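>>> the sequence and its predicted three-dimensional model are supplied below.
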Amino acid sequence: MTRLPGPFQVVPYDRSRHADGPWRVVSAVFEEYGFPFAEDDYDADVARPDEHYDGRTGWFSVAEDTEGGVVGCVGLTDEGGGEYELHRLYVLSEARGHNLGERLCTWVIEAAREKGAERVVLFSDVHFAHAHRLYERVGFRANRFRYAPDPWRSREWGFIMEFPKDGTN
């Protein structure tokens with residue numbers, strides 16, 4: 001595996017610049033773990049992020065390399081009642097080791113706080129133990145288990161980060 005050189009930046013997704021980059025990232029990680037990928041069904045949001053994360057109730061960003069190539073991605077949605085959800089945090093294997101996961105998490109946390117979130121939740125496949133340690137390191141806590149609403153009923157851990165009313169964390 002060849003590691004990509006840094007630096008990387010996290011920027012809002014732009015179809016004209018990033019095209020199918022998120023789809024390529026997520027499908028590569030799914031292939032790495034042997035997960036099925038349903039491009040026209042459950043996973044359609046990464047094939048067309050601009051349609052699923054509309055800038056009003058959902059936002060999507062990518063990590064890009066120095067040439068603008070997409071090497072990671074993450075989404076955020078407003079679920080109502082002060083709750084926001086982190087979606088699709090993935091980083092290509094060759095781009096790992098540059099704190100991109102943490103930077104993408106930080107983008108979500110900051111964006112949610114700016115929008116007045118009371119809490120951010122996320123769900124992550126039980127196989128992503130490295131990601132679970134990242135979530136806990138940045139302040140999420142594991143709070144539940146579920147079977148995902150995907151066609152395969154994947155097993156997932158749920159995590160939550162709550163923002164006190166006084167703005168401290």
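Okay, I see it. Numbers count the residues shown, from 1 in each chain.
>>> for the rest of this, base every contact and every neighbour count on C-alpha atoms.
Noted.
>>> could you pull out the strands in the chain for me?
9-12, 58-64, 70-80, 83-91, 119-125, 141-147, 155-162 (DSSP state E).
>>> what's the first one in contact with?
When contacts are defined by CA atoms under 8 Å, 6 or more residues apart in numbering, strand 9-12 is touched by residues Trp59, Phe60, Ser61, Val62, Ala63, Glu64, Asp65, Arg103, Leu104, Trp107.
>>> which among the strands of the chain is found nearest to Glu32?
strand 83-91 (11.5 Å; CA to CA).
>>> show me what the closest one is packed against.
In terms of contact count using 3 or more CA pairs under 8 Å, 6 or more residues apart in numbering; DSSP states H and E, strand 83-91 is assigned the packing partners helix 21-33, strand 70-80, helix 100-114, strand 119-125.
>>> most tightly surrounded among these?
Mean neighbour counts were taken over those using mean count of other CA atoms under 10 Å, and the top value, a mean of 23, falls to strand 70-80.
>>> give the pairing partners of that one; include direction for each.
The sheet places strand 70-80 alongside strand 58-64 (antiparallel), strand 83-91 (antiparallel), with pairing taken from DSSP bridges.
>>> who wins for neighbours among the contacts of strand 9-12?
Highest neighbour count within the contacts of strand 9-12, by other CA atoms under 10 Å: Val62, with 29 neighbours.
>>> residues in contact with the one residue sitting closest to the centre of the chain?
Taking CA atoms, centre = their mean as the criterion, Leu89 is the residue nearest the geometric centre of the chain, at 2.3 Å. Shown here is Leu89, whose contacts under the criterion CA under 8 Å, 6+ apart are Gly72, Cys73, Val74, Gly75, Gly101, Leu104, Cys105.
>>> for Tyr90, grab the count of nearby residues.
Other residues near Tyr90 come to 24 when the count uses other CA under 10 Å.
>>> perfect, I'm done here.
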